[in-house]
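>>> Got a predicted structure plus its sequence, pasted below:
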2 protein chains.
Amino acid sequence: MRTKKLHIGVLGSGAGSNMQSVVDAVQVKKLNAEINIVISDVAGATILDRARTHNIPAHWLDCSAYRTKLDGEAERACIQLMNDHGVDTVVLAGFMRIVKRRLLDAFPNRVLNIHPALLPAFPGLYAWKQALDYGVKVAGCTVHFVDDGTDTGPIILQKTVPVLEGDTPETLHARIQEQEHLAYPEALRLISAGCLRVEGRRVIMNDSTPDASAR
Amino acid sequence: MRTKKLHIGVLGSGAGSNMQSVVDAVQVKKLNAEINIVISDVAGATILDRARTHNIPAHWLDCSAYRTKLDGEAERACIQLMNDHGVDTVVLAGFMRIVKRRLLDAFPNRVLNIHPALLPAFPGLYAWKQALDYGVKVAGCTVHFVDDGTDTGPIILQKTVPVLEGDTPETLHARIQEQEHLAYPEALRLISAGCLRVEGRRVIMNDSTPDASAR
């Protein structure tokens, strides 16, 4: 299947394990993409070190004017950085701020997020702990396009994991993360293959899923 | 694994395909149980015919004093009928009324429901349509103990199904129902094997899951 190379900009606040899964998928040629820039709102975030290790431009962005969102001057600077680096696809990887309309409009239907729950169940923080406390028997993760809400955008794909007897928040989170690391490259592969279109809330597959080795 | 024979009372308003799955599991000795009585709030419901076909006592209960719940005189009559028939486990199978505290207290942690979604997502009516409209990629069903809320009780088990391209509410519903027909007997088997205890909102498995042939 023909694919189009993605130029990815990553926004992250933490360890960046989801970014790593994208880097790995590119490296083994399972994803036709390049990570052009990694931006963090946290000066010492591990995701920036990880980016530098892979010779990816890594930028800290001072977002301190706002506590929980990417807005104002920082938002404009972020878009500028992304554009300067030729980004066409924005990947949120543990980015702990709400992105706003200006960024979404700059990359229409090209801002993706991954959430550690089977949305619409358990939006928001510590979703794996919410799931465990609720007592569900199946948990999972969701890759979705970002819209104005929190974890409400059109869903690209979801992967499930069982909740096991004796699970702690940590063991369940680890099991979900394993699936996240498969899910994000898979979702990006669908975009690179031009398979997806958004109709209202639904993400429609134009064609059959590309096989894992396509590029 | 040693199991204890369940004496089941079924409450249903419709076709009773979930009751049928329990009948079938008993018949092929995959579930140590007997359906002692089937009660419907709908006089001509197919579930009553189905019960009679299997020589199960079938009763219509006039609930017309209320529109959406089982309450008052009908509730008392229902409990009386269940007790008269030696019921120890109440199975809701497409019962379109809210059951209230009096019935729940008469069978503590022994009133079960099945819901055609991965709760807590999509409680309420036409859950499969809600799921399709929302655009999830994974749907499923949930067997849970009934509590005072609507589809909020402690979860015994959940089964997933993929949402496929081109799914209609009908095709998705049919795929979920296939899993429902496995899930309900499986949940009852866990109860019959004495495997479950409820701690707060969580259903804990005391022991390993009994294999499918246990009785």
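Now that the structure is in, tell me what you want to look at.

>>> drop to CA atoms for contacts and neighbour counts, all remaining ones
Fine.

>>> Residues of chain A that sit close to chain B?
With Cα under 8 Å from any Cα of the partner chain as the criterion, chain A meets chain B at residues A:118-121, A:133-138, A:154-159, A:165, A:201-205.

>>> Could you rerun that using 6 Å?
A:Ala121, A:Gly135, A:Lys137, A:Leu157, A:Gln158, A:Arg201, A:Arg202 (Cα under 6 Å from any Cα of the partner chain).

>>> any low-confidence regions in chain A?
Scanning chain A for pLDDT under 70 picks out A:207-215.

>>> which stretches of it form strands?
Ranges of strands in chain A, per DSSP state E, are A:6-12, A:33-40, A:58-60, A:69-70, A:89-92, A:98-99, A:111-115, A:138-145, A:155-162, A:196-199, A:202-205.

>>> The fifth one pairs with which strands, and in what direction?
I take that to be strand A:89-92. Partners of strand A:89-92 in the sheet, by DSSP bridges, are strand A:6-12 (parallel), strand A:111-115 (parallel).

>>> and if you look at the second one?
Sheet pairing here is set by DSSP bridges, and for strand A:33-40 it gives strand A:6-12 (parallel), strand A:58-60 (parallel).

>>> neighbouring contacts of the longest one?
I take that to be strand A:6-12. Identification of contacts with strand A:6-12 by Cα atoms under 6 Å, 6 or more residues apart in numbering or on different chains yields A:33-40, A:87-95.

>>> Quick check: the closest residue to A:Gln130 other than its chain neighbours vs B:Ala183, distance?
Using Cα to Cα, 6 or more residues apart in numbering or on different chains and skipping the chain neighbours, the partner closest in space to A:Gln130 is A:Phe122 (6.3 Å). For A:Phe122, the distance to B:Ala183 equals 23 Å [Cα to Cα, to the nearest Å].

>>> How about A:Leu118?
20 Å.

>>> Those two: who's more crowded?
A:Leu118 (29 against 23; other Cα atoms under 10 Å in any protein chain shown).

>>> okay but that one is in contact with A:Val138, surely?
No: in this structure, A:Leu118 is not within contact of A:Val138 by Cα atoms under 6 Å, at 8.7 Å.

>>> all helices of chain A, in order?
A:17-27, A:46-53, A:72-84, A:101-106, A:127-134, A:169-192 (DSSP state H).

>>> nearest to B:Leu104, of those helices?
helix A:127-134 (20.4 Å; Cα to Cα).

>>> which of the residues in that closest one are buried?
In terms of neighbour count (16 or more other Cα atoms under 10 Å in any protein chain shown), helix A:127-134 has its buried residues at A:Ala127, A:Trp128, A:Lys129, A:Gln130, A:Ala131, A:Leu132, A:Tyr134.

>>> List the contacts of A:Ala93.
Counting by Cα under 6 Å, 6+ apart, A:Ala93 makes contact with A:Leu11, A:Gly12, A:Asn18.
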